[in-house]
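In: the amino acid sequence is not available; the structure is as follows:
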């Protein structure tokens, strides 16, 4: 099993990324990838710097031009990463009618106060209320409560960074009952999970998710997995994929990508 696909890549068409789609493609080709999927952020949270930033027409044009330039060297796939679809259901239902290879969702804000699970301006400074008012246990609990609502809503193909808070807290949550419910809902809905390698770049020793959750997913009948770097610059395309590929191989999971909203084994 080789480094075939990076299924979670952001370009300057996401508010928090800095490199062009062409440059991302060049890097992916240089690294020997066969597929690259551009999953730009789609956010409607007023506190997010990317709120309403996504421009579908501009994005579609960039995808078309990138395919024309690099299509003979790499498969260029289109997608989005929609934040909190259970909160912004009307916007979610509208955009998933448009043409994408994959619809990925993730949670970046939790609770009624919409506490942000992110770094501020790319630094280690967290949202103030995240550290001031929330224990790590509360963060994980509220995160998984919201994640359960997301997977019950459905309508998407891939769940991004299953245990996202570990990227910032440098520890894993222990919400076994909630995680079990989420995993069952994912499998029943036919949703794939992503192994997101970004925690490895941020000083943690695991992917999101890693072996424990991957095993739970497979044990209850899941099988489909994508691998994404969640990069926002060229330098990190396919970063730490050796680890993620080994994780998939060790658990005998099925690695793939989405094309036209259908899972394709690679």
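Out: Nice, I can see it. A quick note: this is a predicted structure, and the numbers were derived from the prediction, not measured. Numbering: from 1, shown residues only.

In: what separation do you get for the residue nearest to residue 215 when sequence neighbours are not counted and residue 210?
Out: Of all residues beyond its chain neighbours, the one nearest residue 215 is residue 251 (6.3 Å), with distances taken as C-beta to C-beta, 6 or more residues apart in numbering. In this view, the C-beta of every residue, glycine as well, is placed from N, C-alpha and C. Computed as C-beta to C-beta, to the nearest Å, the residue 251 to residue 210 distance reads 10 Å.

In: repeat that for residue 69.
Out: Distance from residue 69 to residue 210, by C-beta to C-beta: 36 Å.

In: and those two? Which one has more around it.
Out: residue 210 (22 against 14; other C-beta atoms under 10 Å).

In: I figured that one hits residue 247, correct?
Out: Yes: under the criterion of C-beta atoms under 8 Å, residue 210 makes contact with residue 247 at 6.9 Å.

In: give me the common contacts of those two.
Out: Shared contacts of residue 210 and residue 247 (C-beta atoms under 8 Å, 6 or more residues apart in numbering): residue 195.

In: from the contact counts, what lies against the lengthiest helix in the chain?
Out: Assignment by DSSP state H gives helix 136-153 as the longest helix of the chain. Contact here means 3 or more C-beta pairs under 8 Å, 6 or more residues apart in numbering; DSSP states H and E; on that basis helix 136-153 packs against strand 109-110, strand 158-159, helix 166-169, helix 176-189.

In: now do 7 Å
Out: strand 109-110, helix 176-189 (3 or more C-beta pairs under 7 Å, 6 or more residues apart in numbering; DSSP states H and E).

In: which ones are touching residue 100?
Out: 78-80 (C-beta atoms under 7 Å, 6 or more residues apart in numbering).

In: which single one of those is nearest to residue 22?
Out: Set against residue 22, the nearest of the contacts of residue 100 by C-beta to C-beta is residue 78 (15.0 Å).

In: what's the neighbour count on residue 60?
Out: By the measure other C-beta under 10 Å, the count of residues near residue 60 is 14.

In: ok, it to residue 77 distance?
Out: Remark: distance between residue 60 and residue 77 (C-beta to C-beta) = 13 Å.

In: next: residue 43.
Out: Remark: distance between residue 43 and residue 77 (C-beta to C-beta) = 21 Å.

In: show me the helices in the stretch 151-266 of the chain, by range?
Out: Using DSSP state H, counting those that start in this stretch, the helices of the stretch 151-266 of the chain run over 166-169, 176-189, 198-201, 211-219, 241-250.

In: check the stretch 1-150 of the chain too.
Out: 21-30, 56-70, 89-95, 128-132, 136-153.

In: in a markdown table, list those along with distance to residue 180 and mean pLDDT.
Out: Below are those laid out as a markdown table (distance: least, C-beta to C-beta, whole Å; pLDDT from 0 to 100):
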| stretch | distance to residue 180 | mean pLDDT |
| --- | --- | --- |
| helix 21-30 | 36 | 97 |
| helix 56-70 | 36 | 98 |
| helix 89-95 | 25 | 98 |
| helix 128-132 | 26 | 59 |
| helix 136-153 | 10 | 94 |
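
In: and the ones you listed as a markdown table, adding distance to residue 169?
Out: Shown next, in a markdown table, are those (distance: least, C-beta to C-beta, whole Å):
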| stretch | distance to residue 169 |
| --- | --- |
| helix 21-30 | 29 |
| helix 56-70 | 32 |
| helix 89-95 | 27 |
| helix 128-132 | 9 |
| helix 136-153 | 5 |
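
In: ends of stretch 28-42, what's the gap?
Out: 23 Å (C-alpha to C-alpha, to the nearest Å).

In: any buried residues in it, and which?
Out: Going by neighbour count (16 or more other C-beta atoms under 10 Å), the buried part of stretch 28-42 is 28, 33, 35-42.
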